[in-house]
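[1] Build the 3D model from these lines:
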Amino acid sequence: MSRRGRVVLSKVGLDGHDVGIRLVAKKLTEAGVEVVYLGKRNLPDVIVATAIAEDVDVIGISSLSGGLAEFTTELLELLEKEDVDIPVITGGILEEADRDRALAAGVRHHFGPGASLAEVVDSFTALIPAQTP
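    Predicted coordinates:
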């Protein structure tokens, strides 16, 4: 029996703007992906611990209120410390230099405000390993 892909989605820091990430969660669910949504105001250690415990295929984090670069860096460091390889997708506000650093550090995709939901969903599903029957 194969399992559906699983992702964990979370807002980081003090950002309370969750409409976009909830739309992503809905569209991923409609695409057959199981979503573990942690909600708002989470820290990287909680996100990483949940991702490991829930055996997810991809982590998605978002912030529109700043600090995304710092949270992303910490999250990637924690994944490395735990010796787990879970792809990370970010969404929200990142200065161009911070976005470039995040992508160079291992973030697979970054989506800013106004990104196409179809493109976001495609990026997540492309990172979910094919399941064998």
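[2] Touching stretch 61-81 from outside, list them.
    With contact meaning C-beta atoms under 8 Å, 6 or more residues apart in numbering, stretch 61-81 is reached by 9-17, 20-21, 43-45, 47-48, 59, 85-86, 88-95, 98, 101-102, 105-107, 113. The way it works is simple: take the backbone N, C-alpha and C, and place the C-beta from them, glycine included.
[3] could you redo the last one with a cut-off of 6 Å?
    Stretch 61-81 is contacted by residues 10-15, 17, 21, 44, 48, 90-94, 98, 102, 105-106 when judged by C-beta atoms under 6 Å, 6 or more residues apart in numbering.
[4] For the nearest residue to residue 117 once chain neighbours are set aside, give its distance to residue 122.
    Closest residue to residue 117 apart from its sequence neighbours, by C-beta to C-beta, 6 or more residues apart in numbering: residue 27 at 5.2 Å. In this structure, residue 27 and residue 122 are 10 Å apart, going by C-beta to C-beta, to the nearest Å.
[5] the more surrounded of these two?
    Applying other C-beta atoms under 10 Å to residue 27 and residue 122 shows that residue 27 carries more neighbours, namely 16 against 13.
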